[in-house]
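> okay, here's the prediction I keep looking at, along with the sequence it came from:
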Amino acid sequence: MTDQQQADLRKDEIEAGTTTGLASPSVDVTSDRQNSLWSDAWVALKRNPFFWIGAVLTVVFTVMAIVPQLFARGQDPRACDLANSRGLPSAEHWFGYDVQGCDYLATVVYGARNSLIIGIFAVVVILVLGVAVGAIAGYFGGVTDGVLSRIADIFYALPLILGALVLLRVGPETSIPIINSRGPGAVALALALFGWMTAMRLVRSQVIAVRNSDYVAAARAMGAGNTRILVRHILPNAVAPVLVYTTITIGVIIAAEATLTYLGVGLQRPAFSWGLQIEAGQDAIRSAPHLVLFPSIVLTLTVMAFILMGDALRDALDPRQRA
Amino acid sequence: MSEPSESTGATAVSGSNGASARGPLGETLLEMRDLQKHFPLTQGIVFKRTIGHVRAVDGVNMTLRRGETVGLVGESGCGKSTVSKLLVALEKPTGGTIRYKGTDVASMSGRALKQYRREVQIIFQDPYSSLNPRMTVGDIVAEGWSVHSDIAPRKDRLKRTQELLDRVGLNPDYVNRYPHQFSGGQRQRIGIARALALRPEVIVCDEPVSALDVSVQAQVVNLLEDLQDDFGLSYLFIAHDLSVVRHISDRVSVMYLGSIVEEGTDEQVYTTPSHPYTQALLSSVPLHEPHLRGQKDRILLQGDVPSPADPPSGCRFRTRCWKAQDICATEAPALVDRGQGHPAACHFAEARTVVPVEID
Amino acid sequence: MSQSQTDPTTRRATAGGQLLEVEDLHVEFRQRSGVVNAVNGISYSLAEGETLAILGESGSGKSVSAQAIMGILDVPPAVIQGAIRFEGRDLLAMSAEEQRQVRGPGISMIFQDALSSLNPVYSVGWQIGEMFRVHQGASRKEAKRKAVELMDRVRIPAAAKRVDDYPHQFSGGMRQRVMIAMTIALDPRILIADEPTTALDVTVQAQVMDLLKDLQRETGMGLILITHDLGVVNEVADNVAVMYAGRIVERGTVDDVFTDAGHPYTEGLMASVPQVEAKGGRLQPIVGQPPNLAAIPSGCPFHPRCAHRRLGADAAPGRECSIDVPPLRQVVPGREAACHYSEEVLGVRAV
């Protein structure tokens, strides 16, 4: 029995009738319109302030990634003066200077593009791979599941960083597009390829639980096909936990990118990324803590923005969570 | 308190769905002959080895005619739920046949199977897990129409859904609500509306009231009876509650360890049970009348039900039977009438009254 | 409310003092969404050797009241008021530690779901023996010997061989027996059985109920049987208390209550349940849904579903069903019902 079922039973035991909502309509009753999960979810999202906080932050960082000039206060991150090396923040230069004496605000702002590309691209790949493989494995079961799950196990055996390291080492010598580019796309793809398994496991276990439910049996008994059952019944019930997991993963990915840089296979100067900056700043953490502090703050804010949105979306997609 | 109306409502579900538009009463709709379902027992993860079979259903013979209710009783693990899954083609039989209006269901494919699935619907036991928590009641009831789009044109669907909700005793304004906002009994009504939406001929009711509160069970039983009268439905009513089965059924089959041990009208099976298992089963049902207490013949069975992976030879019941002889271990008794007026699968079938008859 | 429950008319009543007295027990759950009033002032008592059935549907408060007696409710969110006197001592007035010492050996409880009440990673013998090791300081060997004894006592076949088996190796009925063995290990004075046979098949249910009755005869313990099954109540209990919306609405001997119900809810329950003795005509269900415990109807909580209710000008003064809460009162000797018009329901002329 799932936790939800037990919660349902408990509800019947202790508060039978309390949530039938018969006396207090919480859903708009209209005679000419039929709501669906998605339209109701959108209404719920619009009412959730955390969603809007997350959305505004996301928009801000996205604009920063596209047109960093707007945020750099007129400074060029490549116009550096070693005399200013490790300069502390001031009214003129809010974030101070980095080791090379470049304006650190501009440096951090210009880092948004690569960091976001890596984080979002990797997570989209993780989400697509995880949901697709997990759904297929969980839904069809049997040999399909056995083979796909063992493949996932093999990837599990390779540590994320080690796998990405090897791939990025040999990547440039191959002719595979993106992978051979040495750019943020290659980093993202390398990290996603070795980081999708947990998402797949999450989806798979959810799909197995939902697949055996009576409402899927009912749909099949009325003649619904596999596609319909997957899209209408299984995925809406299976993606919610994955959404939360993947939003958190964005932070993990951006941090992993920094490690790859340290190992010499990720982005290298003169590229800008938050991971690079945090990595470089660690050497000077005692004398110039602001070098770690500022990129860490923007990274945290970015991850928080995605988590807020992911959380809000999960709640919106669960009718039981709606007020 | 705005309760859903308990009345059956004035707006009948549109469409020529009444009994008159269908075939004659008494026509054979479903016929199961020596139906078998064996589930393989496997070991290993990628490369599975079969190490045996669970004989969940092992030789079931039943007939369902138009307009009647056949009760199927048995204890947990006897295979009655597997029978329901076989009937709605969620599982494929290992052996034997299910004929629907004369056609073997196993041979159906494409359009014929789709039509069969439309005409034979199912209602589940658990009102919590049988409704998708992320779909509105309207979407749940109307789902069948997106598969069988010829039943209801798209623009009529909302109206039809509301008519159906009204018909099963729910407020039609609740189309946009989600299952968690309803109580168990109301959810079961939603499940019934979903089955009705396809205008089925047969509804397989798999323990439809056993998860409900006592006072709500009667509401759902009455609703099922009303719907049967209005739409000429035929029910296969699967339950472990002998009282409910007696109340609703015209004929009753008793199942033990994968096969039918006794079959007859409700009167025959309940007042003159002839198979020892039926007798033991009936004698265990607690009675509700204080003055009948202690009057019935209590038969306490020994031991547990054997594993369906390794059923006893000959008669399945012989390991717990007080009448067992040598022949029971060697020869499986056929389900035939041995002079009791109805068939029982026992070499030593003998009518015996175990439930005191109420004399008013 | 009167506490003299050992009525002379009690069927199969045994001599002996009151083991348990529950007085004006209230349990509410304070939740974010509001206060859920699960139990609203119930009083009853249980004598030695007596079987009291508490009959009700889900949400009637029958299980919550038993959990309050057992002290297994989380406080908060639960708020418990009233008195629960076990052998004369009020449990609710004691410290948690004292309560534990009194309850531990004195009151036991078995639950509906035996599988989830047993730990899957320990053998059943170990789990039964734990009672002796923890409470009596028995050695492992001694505990195991006693476990086998107990398994024999609850008639688990080949107990000595099965003592090292794990819960999943037992059938549902056998697991319930293991649970019973654990609860009677310390010779409790009171056994509370919360839907002990609901998850079991009817043939197994009969065996388990027989076992409970036999154990009761041997030990003289008081048995509180919480159930929704009218048949089980009729076959097993001496007295019955019918609960609705957290209140006791009717109380009396099983013979009296089942022969002629004095509360419209009890009457409705009887009429809505099909019987195995006869096919019967159309069932007469109780209309509507059980009440919302966060918003219990005013006056008599059953009035929105009641066939006998009298509202407005039809009602006698002070007995308007939607305004005046009916007290649990004696209607005829030995019978109490919480209904303004119980005499009409019973078909007795008002005194």
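Now that the structure is in, tell me what you want to look at.

> ok, which stretches of chain C are helices?
Counting by DSSP state H, the segments of chain C that form helices are C:62-70, C:96-106, C:114-117, C:124-136, C:140-153, C:159-162, C:172-184, C:202-219, C:230-236, C:254-259, C:264-272, C:342-346.

> any idea how far the fifth one is from the middle of the chain?
Looking back up the chat, that one is helix C:140-153. 29 Å (CA atoms, centre = their mean, to the nearest Å).

> for it, packing partners?
Here helix C:140-153 touches helix C:124-136, helix C:159-162, helix C:172-184, going by 3 or more CB pairs under 8 Å, 6 or more residues apart in numbering or on different chains; DSSP states H and E. For glycine as for every other residue, the C-beta is placed from the backbone atoms N, C-alpha and C.

> now the stretch 151-300 of chain C against chain B: closest residue?
Per CB to the nearest CB, residue C:231 is where the stretch 151-300 of chain C lies closest to chain B, at 3.0 Å.

> what about residue B:254, which helix or strand?
Assigned by DSSP states H and E, residue B:254 belongs to strand B:251-256.

> got the contact list for that strand?
B:60, B:62, B:68-75, B:78-80, B:83, B:245-246, B:260-266, B:269-270, B:275, B:277-278, B:281, B:305, B:316-317 (CB atoms under 8 Å, 6 or more residues apart in numbering or on different chains).

> can you say which of these are buried?
B:60, B:62, B:68-75, B:78-80, B:83, B:245-246, B:260-264, B:266, B:269-270, B:275, B:277-278, B:281, B:305, B:316-317 (16 or more other CB atoms under 10 Å in any protein chain shown).

> which ones, among the residues you listed, also lie beside chain A?
Among the buried ones among the contacts of strand B:251-256, no residue lies close to chain A (CB under 8 Å from any CB of the partner chain).

> and these, which of them are in helices?
B:80, B:83, B:245, B:246, B:266, B:269, B:270, B:277, B:278, B:281.

> isn't residue B:293 right up against residue B:287?
Yes. Using CB atoms under 8 Å, residue B:293 makes contact with residue B:287 at a distance of 6.4 Å.

> name the residue in those two with the higher neighbour count.
residue B:287 (23 against 18; other CB atoms under 10 Å in any protein chain shown).

> residues in contact with stretch B:281-289?
With contact meaning CB under 8 Å, 6+ apart, stretch B:281-289 is reached by B:73, B:75, B:242-243, B:254, B:270, B:273, B:293, B:296-299, B:354-356, B:358, C:202-203, C:205-206, C:209, C:229-232, C:234-236, C:258, C:270, C:273, C:275-277.

> burial of the one residue in the stretch 101-250 of chain A that gets nearest to chain C, as a residue count?
The nearest approach of the stretch 101-250 of chain A to chain C comes at residue A:209, 17.9 Å away (CB to the nearest CB). Per other CB under 10 Å, the neighbour tally for residue A:209 reads 16.

> same question, residue A:150
Using other CB under 10 Å: residue A:150 sits among 11 other residues.

> swap in residue C:308?
By other CB under 10 Å, 17 other residues sit near residue C:308.

> residue C:346 is in contact with that one, correct?
No. Assessed by CB under 8 Å, residue C:308 is found out of contact with residue C:346, at 10.8 Å.

> using CSV, write down the CA coordinates of the strand holding residue B:254.
Output in CSV follows, covering the C-alpha atoms of strand B:251-256 (Å, rounded to 0.1, in the frame of the first residue of the first chain):
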residue,chain,number,x,y,z
ARG,B,251,-27.6,-17.6,-9.6
VAL,B,252,-24.5,-18.2,-7.5
SER,B,253,-21.2,-20.0,-8.2
VAL,B,254,-18.9,-21.0,-5.3
MET,B,255,-15.2,-21.0,-6.1
TYR,B,256,-12.4,-22.8,-4.2
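
> tell me which helix or strand the residue of the stretch 101-250 of chain A closest to chain C sits in.
Going by DSSP H and E, residue A:209 is in helix A:197-211.

> can you name every helix or strand that the helix or strand just after that helix contacts?
Going down the chain from helix A:197-211, the next helix or strand is helix A:214-221, by DSSP H and E. Other helices and strands packing on helix A:214-221, by 3+ CB pairs under 8 Å, 6+ apart, are strand B:120-123.

> can you list the residues that contact the helix or strand that the strand it packs on is followed by?
Counting by DSSP H and E, the next helix or strand C-terminal to strand B:120-123 is helix B:137-147. Applying CB under 8 Å, 6+ apart, the contact partners of helix B:137-147 are A:34-37, A:215, A:219, A:222-225, A:228, A:232, B:114, B:118, B:131-132, B:135, B:151-152, B:157-158, B:160-161, B:164-165, B:170, B:174-179, B:182, B:190, B:193-194, B:197-198.
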